[in-house]
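> Here is the input, now give the coordinates:
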Amino acid sequence: METQRVKEFMDAKVRYVQSRLNERDLITNALIKRGYTIMNMICTKPLSNPYSRQAGRGLTNYTSGGRIAVYDLSNWMWVSAMKEGIWAGIALQALEADKSGYFNHHILYDRLAFEGGLSNGDNYNYVVTNYDLPLSLPQVDKLMIDFDAFVAAIKNP
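Numbering: from 1, shown residues only. I've put the predicted structure just below:
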């Protein structure tokens, strides 16, 4: 019974990660269609394969520089992009802190966030959106309009 419970949990986890990868690919495709170049995590070079399973996700053997035991961070996903000297990304989970007090931080899984700035680091901004995964195709279109506006605001603050 214990083995069955663990197997069911791990099977659900694999399906969930695959579903998030599919959503990331949907966002990646929409960004490419709008003229964005998909970049590596720190936006220093374009990716040869923007749909690579290693692109835009955490390490499977993350240790925070050796401070913690190995942790599979591969469910932490994002798409980094560059257009006209602006780097920007869409995270598939949003970081948020409750304004009611200190130390009340949250990771909003499947809530999208925008992050970006000029290539020199100026005009940095981070915005938690109202978009949740999974996205419908009309939502993807609206997401791209909102993302373009986010990037334009960085370019012309």
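
> partners of the lengthiest strand in the chain in the sheet?
Secondary structure of the chain read by DSSP state E shows that its longest strand is strand 105-118. Note on strand 105-118: by DSSP bridges, its sheet partners are strand 86-97 (antiparallel), strand 125-132 (antiparallel).

> Pull the residues that contact the last one.
Under the contact criterion CB atoms under 8 Å, 6 or more residues apart in numbering, strand 125-132 has outside partners 94-96, 108, 110-117, 139, 143, 146, 150, 153-154. Placement of C-beta: from N, CA and C, glycine included.

> and if we set it to 10 Å?
Judged by CB atoms under 10 Å, 6 or more residues apart in numbering, the contacts made with strand 125-132 from elsewhere in the structure are 27, 88-92, 94-96, 106, 108-117, 139-140, 142-143, 146-147, 150-151, 153-154, 157.

> Correct me if wrong: residue 150 contacts residue 83.
No. With the criterion set as CB atoms under 10 Å, residue 150 and residue 83 do not qualify as a contacting pair; they are 11.4 Å apart.

> Would you check how far apart the nearest residue to residue 71 once chain neighbours are set aside and residue 46 are?
Counting by CB to CB, 6 or more residues apart in numbering, residue 71 lies nearest to residue 62, which is 5.0 Å off, once chain neighbours are set aside. Applying CB to CB, to the nearest Å, the value for residue 62 to residue 46 is 24 Å.

> do the same with residue 129
25 Å.

> Compare those two (neighbour count), which wins?
Here residue 129 and residue 46 are compared on neighbour count by other CB atoms under 10 Å; more neighbours surround residue 129, at 17 against 12.

> For the chain, give me the ranges with low pLDDT.
For the chain, the stretches flagged by pLDDT under 70 are 41-43, 53-54, 101.

> could you pull out the helices for it?
With DSSP state H as the criterion, the chain has helices at 2-33, 137-155.

> For the last one, which outside residues touch it?
Yep, that's helix 137-155 we're talking about. Identification of contacts with helix 137-155 by CB under 10 Å, 6+ apart yields 23, 26-27, 29-31, 33-36, 79, 81-90, 112, 114-118, 122-125, 127, 129-133, 135-136.

> Give me the buried subset of these.
When burial is judged by neighbour count using 16 or more other CB atoms under 10 Å, the buried members of the contacts of helix 137-155 are 23, 26-27, 30-31, 36, 79, 81-83, 86-90, 112, 114-117, 129, 131, 133, 135.
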